[in-house]
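Peer 1: I would like the atomic coordinates for the input below:
(one chain, ligands or ions: 1)
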Amino acid sequence: MSDLVTVETSEGVRTIRWNRPQKKNALLREMYTAAAEAIETGEADKDVRVFVLGGQPGLFTAGNDLVDFMEAPPHFGGTVTPPVERFMRALMNAQKPVIAEVDGLAIGIGTTLLMHCDLAWASENAVFKTPFVDLALAPEFASSLLFPTRLGRAAASDLLMLGSVWDAARAKEAGLITGIFPSASLANEVREKALALAAKSPGAVRKAKALMMTAEEPVMDRMKREGSIFTEMLHSPEFAEAVGAFMERRAPDFSKFG
Ligand code: COA
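Peer 2: The predicted model follows:
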C-alpha cells in the first residue's frame, strides 16, 4: 500500500485519505491504485459498511498530477485499464455508501468524483474547479452527463466550460455537496455521519443506494421495482431485527448482518 494514500478501518468505516500534501495531494497512478484496492477489498469485507474519502486538513486534492499525465497519459478504451479508471470504476460500482470529506482544494477529478459519491460534506474553505477546457482537455468520467442532469445545464457549463471556481456555498446551492461544516470540525462531523450509516441495516442501505443508481425509467416501472424489493425485504432478518428492536424499545443491532 502506498504511503501516499492512508487507509484506516474502524467501527465499520473505512477512511481513505490522499496523503501527498507537499504536492497539494495531486494524484499519481499509484495513489489511484491504492484507493481502488481499498474500495475493492472493502466491498468484499463484511466489516466495512461505509467508505469515507478525504484528504488532509485544508486539502482534498489538486486533481490529477499534471506531470504524471504528461509522462504516462492514461489510454482510455485500450486493453489495459489505467489506474485512474480503475479507481473511478471502483467508486462508481461501490454498492456500499461513499462519503466525500472535502476541506480545501477539490480540483479536476476532485470535483468530478463527487458525482459518484453518495454524500459529500465540505468545509467553508473548499474550492471546487474543473479546469479541463482551460487545460485543453475534455470532461471525464461521465461528468458531461451527470453535471447537466444533476446541477442543470447552466451550472454545469459554468464548471465544465468556464472552469469557474465555486466555493462551498455555491456547491451546496447547486447540489454538488450535501452540506458545509467548519473546517475544524469537518472530519469529526463526517465521521459521525459515517458511523450513523454504518450502524444501519447494511442490506437496506445497499438497496436504497442501488435503487437511486438505477437508470431513469417510467415512474410506474420504478414503483414496481421498489415494490418487489420492499416485499422481499419484509421477510428479511434485518427487518425482523428492526421491528424487534422497536417492540423491545431498544436500539437495533445490525452488526451480525453483512
Ligand atoms: N499536478 C502536479 N503538481 C501539482 C499539481 C498538479 N495537479 N498541483 C499542485 N502541484 C504541485 C506544484 O507544482 C508545486 O510543486 P513544487 O512545490 O515542487 O513546485 C506544489 O504542488 C504546490 O503547488 P503550488 O502551485 O505552489 O501551490 P498554490 O497554493 O500556489 O496553488 C493550486 C495550488 C492547486 C491552485 C495550483 O497548484 C494549481 O493550479 N495546480 C494545478 C491544478 C490542476 O490543473 N489540476 C489538474 C486538473 S485535471
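Peer 1: any weak-confidence spans in this structure?
Peer 2: 1-2 (pLDDT under 70).
Peer 1: How about the residue of it found nearest the ligand: what's its closest non-neighbour residue?
Peer 2: In the chain, the residue that lies nearest the ligand is Gly108 (2.7 Å; CB to the nearest ligand atom). The way it works is simple: take the backbone N, C-alpha and C, and place the C-beta from them, glycine included. Nearest non-adjacent residue to Gly108, counting by CB to CB, 6 or more residues apart in numbering: Gly63, 2.7 Å away.
Peer 1: which ones are touching the one you found?
Peer 2: 26-27, 107-110 (CB atoms under 8 Å, 6 or more residues apart in numbering).
Peer 1: go with 10 Å
Peer 2: 24-27, 69, 105-112, 129-132, 135 (CB atoms under 10 Å, 6 or more residues apart in numbering).
Peer 1: any idea how far it lies from Asp253?
Peer 2: Applying CB to CB, to the nearest Å, the value for Gly63 to Asp253 is 42 Å.
Peer 1: circling back to that earlier point, need the buried ones from the contacts of Gly63 selected in PyMOL.
Peer 2: PyMOL command restricting the contacts of Gly63 to the buried ones, with burial defined by 16 or more other CB atoms under 10 Å:
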select buried, resi 24+25+26+27+69+105+106+107+108+109+110+111+112+129+130+131+132
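Peer 1: Go through the contacts of Gly63 and flag which are in strands.
Peer 2: Using DSSP state E, 105-107, 129 are the members of those that sit in strands.
Peer 1: export the residues you listed to TSV and tack on distance to Arg170?
Peer 2: Shown next, in TSV, are these (distance: CB to CB, whole Å):
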residue	distance to Arg170
Leu105	15
Ala106	12
Ile107	15
Lys129	11
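Peer 1: of all the residues you listed, which comes closest to Arg249?
Peer 2: Arg249 has its nearest neighbour among the ones in strands among the contacts of Gly63 in Ala106, at 43.1 Å by CB to CB.
Peer 1: Please name the residues that touch the closest residue in space to the closest one that isn't next to it in sequence.
Peer 2: Leaving aside its sequence neighbours, Ala106 sits nearest to Phe60 (CB to CB, 6+ apart; 4.5 Å). Shown in contact with Phe60 (CB under 10 Å, 6+ apart): 17-18, 24-25, 53-54, 100-107, 110-111, 113-114, 122-123, 125-128.
Peer 1: Which members of the residues you listed occur in helices, if any?
Peer 2: Those of those mapping onto helices are 110-111, per DSSP state H.
Peer 1: Quick check: can you list the domain ranges of the protein?
Peer 2: The record's domain parsing of the chain by automatic domain parsing lists 5-198, 202-247.
Peer 1: Same list (those domains) but as TSV, adding distance to Gly258.
Peer 2: Listed next are these as TSV, based on distance: least, CB to CB, whole Å:
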stretch	distance to Gly258
domain 5-198	3
domain 202-247	6
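Peer 1: Deepest-packed of the ones you listed, please.
Peer 2: Among the domains of the chain, domain 5-198 has the highest mean neighbour count (mean count of other CB atoms under 10 Å), at a mean of 19.
Peer 1: now that domain: how far from the chain's centre is it?
Peer 2: For domain 5-198, the distance from its own C-alpha centre to the chain's C-alpha centre is 6 Å (CA atoms, centre = their mean, to the nearest Å).
Peer 1: what about that domain, start to end distance?
Peer 2: End-to-end distance for domain 5-198: 22 Å, by CA to CA, to the nearest Å.
Peer 1: which stretches of the stretch 51-200 of the chain form strands?
Peer 2: 59-61, 98-102, 105-107, 119-123, 127-129, 166-167, 179-181 (DSSP state E, counting those that start in this stretch).
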